[in-house]
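# sequence first, predicted model second:
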Amino acid sequence: MSVTDLPIVAMLRNRMQWQQTRQKVLAENVANADTPGFRARELKAPRFQLDGSVAAASLPGIGLERTSGVHLAGSGQAAPSEERTGTRFEMMPSGNAVSLEDEMLKAADNQSDYQLASLLYRKSLQTLRTAVGR
């Protein structure tokens, strides 16, 4: 079994690949901000199975598991967050629905998420190296 086959490493690798693709989509949205009739696009976030592979859309994602009685029980629901499903501004006369402010906020969020995933990936590999004595 390869190190990259471990579930946590596979999930982090898949997450970083998704974030790279999302960054490209967000950059295309910004680049086409002046294109008449252009609508901003977004990628659907991946959902992972316990083995680290990407789950199909109809399958549930990773849930919380209480492995010990001394652990705090989680509710299984994410913390409330600001939804940016649509633009906060009116559509331009050209029919363009791209808000540069929203796209730049999404790009900044995506960049910080990618940095976190890459840090976790690197630390996971360092921990594995330490465990095998390197």
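Ah, there it is.

# which strands and helices lie in contact with the longest helix seen in the chain?
With secondary structure taken from DSSP state H, the chain has its longest helix at helix 100-131. Under the contact criterion of 3 or more C-beta pairs under 8 Å, 6 or more residues apart in numbering; DSSP states H and E, helix 100-131 touches helix 7-31. Just so you know, the C-beta spots here come from the backbone N, C-alpha and C atoms, and that holds for glycine as well.

# what does the helix it packs on rub up against?
Residues from elsewhere that reach helix 7-31 (C-beta atoms under 8 Å, 6 or more residues apart in numbering): 3-4, 40-43, 45-46, 48, 50-54, 98, 100, 103-104, 106-107, 110-111, 113-114, 117-118, 120-121, 124-125.

# just the buried residues of the longest helix of the chain, please?
Neighbour counts over helix 100-131 (16 or more other C-beta atoms under 10 Å) mark D102, E103, K106, A107, N110, Y114, A117, L120, Y121, S124 as buried.

# now swap in stretch 21-35 and tell me
Quick answer for stretch 21-35 (16+ other C-beta under 10 Å): R22, Q23, V25, L26, N29, N32.
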